[in-house]
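Enquirer: Sequence first, predicted coordinates after that:
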Amino acid sequence: MNLSYLRGLNTLRFFAAFFVIVSHASITDFKVYAFFNRGFDAVEFFFVLSGFLITYLLLKEIKKTGNISIKQFYKRRVLRIWPLYFLIFCIGFIGLGIVYPLFTGKSFGFPLGKAALLYLFFLPNLSVSLYPMGMLYPLWSIGVEEQFYLIWAPLVKFFKNKLLLVLLLVAFITTAFYILSFMYISDHDSSLFKFIKSLKFWAMAIGAIFGYILFHFEEIKIAKYLTSKVLQVLAIVIVCYHYLIGESFSENLYYHFVIVLLYAIIIINSCLESTSVINLERKPFIYLGTISYGLYMYHMLVDYFLRTVYQKFVPYSHNIIVDISYYVLLIGLTISIASLSYKYFESYFLKLKAVH
């Protein structure tokens with residue numbers, strides 16, 4: 001099977017970004033409810049999707065050209081990820097590292113030079129493990145993905161004839177490392193543990209396995225079981241329950257592996273029109289998924305702006321109207337800014353990405 005367009009993925013991207021946005025709203029009382037507190041889980045979904053998609057696209061390139069151009073792979077990733085990453089980096093460091101100390105007379109809490117170097121070398125996940133990074137916090141996941149991409153294309157290129165074995169080994173090793181970290185690092189508040197916890201390579205590796213399964217769908221027997229309507233409905237129901245009303249199991253180690261597998265099942269089935277139990281191809285969501293990178297990257301800037309305005313000008317006394325207005329403005333402004341960014345900033349680099 002060699003699908004030219006992977007349907008449903010933009011809608012899934014948008015919903016993941018949406019849950020991240022609402023989970024980071026800072027001054028409302030709604031965070032006690034599951035719906036408003038699933039940001040970490042949604043970021044985990046992005047890791048699965050990234051591993052899935054990048055592996056599928058690399059396999060398509062192998063089929064089309066017989067090889068993988070490492071240079072072109074990195075070029076595409078740089079032009080898609082770096083411009084917005086470094087824009088937010090500059091805004092954040094100017095705002096928190098320079099403007100904030102000038103107006104308050106105190107440091108935000110991180111050493112400007114060291115943190116800047118970590119972000120410049122795509123180690124934001126290490127930086128947020130060491131220091132409070134405020135509006136720059138969401139960039140940690142971009143760093144993890146870039147670290148994964150650094151080794152993934154060469155790995156697929158050089159082991160393309162034994163790729164499934166390599167995928168299984170990587171998934172096993174990274175999963176074992178993650179579990180052992182939980183077992184043997186007793187101080188879960190330490191910077192070391194926080195850094196290791198950020199290394200979601202195991203989730204990306206599981207996504208990669210499902211990307212491989214989709215590409216070789218007709219050759220892999222287990223693939224047909226993954227498209228079972230019963231399994232699809234079960235995965236959707238469990239994920240929806242968890243996001244809408246369920247208890248948070250974020251501190252339960254093994255929960256993460258279950259939810260990641262459910263994500264992968266939903267992702268692979270969303271791509272298969274003939275077997276999918278739900279149609280995710282809806283125009284508004286497709287567009288919102290297209291700008292989801294911007295939604296993810298800008299939302300904390302919007303949140304910091306809104307919390308400053310609300311704390312200064314809006315009398316807050318556990319007022320549900322105030323809470324709702326905060327969410328409406330947070331989502332509305334983030335979508336507006338991401339849309340403008342995509343049209344007038346990111347699209348320029350995306351056009352360069354298409355030039356070989």
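Expert: That came in fine, so what should we check first?

Enquirer: low-scoring stretches of the stretch 1-150 of the chain, by residue?
Expert: 1-2, 4 (pLDDT under 70).

Enquirer: Return the longest helix in the chain, judged by number of residues.
Expert: helix 39-65 (DSSP state H).

Enquirer: State the next helix or strand along the chain beyond that one.
Expert: Following helix 39-65 in sequence order, the next helix or strand is helix 70-92 (DSSP states H and E).

Enquirer: Can you show me the CA trace of that next one as CSV?
Expert: Below are the C-alpha coordinates for helix 70-92, written out as CSV (Å, rounded to 0.1, in the frame of the first residue of the first chain):
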residue,chain,number,x,y,z
ILE,A,70,20.0,12.6,3.9
LYS,A,71,20.7,16.2,2.7
GLN,A,72,17.2,16.7,1.4
PHE,A,73,15.7,15.1,4.5
TYR,A,74,17.5,17.6,6.7
LYS,A,75,16.7,20.5,4.4
ARG,A,76,13.0,19.7,4.6
ARG,A,77,13.1,19.5,8.4
VAL,A,78,15.2,22.7,8.8
LEU,A,79,12.8,24.7,6.6
ARG,A,80,9.7,23.4,8.3
ILE,A,81,10.9,23.5,11.9
TRP,A,82,13.7,26.0,12.4
PRO,A,83,12.2,29.4,11.2
LEU,A,84,9.3,29.3,13.7
TYR,A,85,11.4,27.7,16.4
PHE,A,86,14.0,30.4,16.3
LEU,A,87,11.4,33.2,16.0
ILE,A,88,9.7,32.0,19.3
PHE,A,89,13.2,31.5,20.8
CYS,A,90,14.1,35.2,20.1
ILE,A,91,10.7,36.5,21.3
GLY,A,92,10.9,34.4,24.5
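
Enquirer: and the angle for that helix with helix 39-65?
Expert: 150 degrees (axes from the mean of the first three to the mean of the last three C-alpha atoms, to 10 degrees).

Enquirer: what packs against helix 70-92?
Expert: helix 139-158, helix 292-313, helix 347-353 (3 or more C-beta pairs under 8 Å, 6 or more residues apart in numbering; DSSP states H and E). For every residue, glycine as well, the C-beta is placed using N, CA and C.

Enquirer: I'd like to know which of those is closest to Y212.
Expert: helix 139-158 (9.6 Å; C-beta to C-beta).

Enquirer: Now do the buried residues in that closest one.
Expert: 139-149, 152-153, 155-157 (16 or more other C-beta atoms under 10 Å).

Enquirer: related to what we said a few turns ago, for the longest helix of the chain, which positions count as buried?
Expert: Here helix 39-65 shows 39, 41-59, 61-62 as buried, counting by 16+ other C-beta under 10 Å.

Enquirer: which SSE is the residue nearest to S198 when sequence neighbours are not counted in?
Expert: In this structure, S198 finds its nearest non-sequential neighbour in N125, 3.9 Å apart by C-beta to C-beta, 6 or more residues apart in numbering. Assigned by DSSP H and E, N125 falls within helix 124-130.
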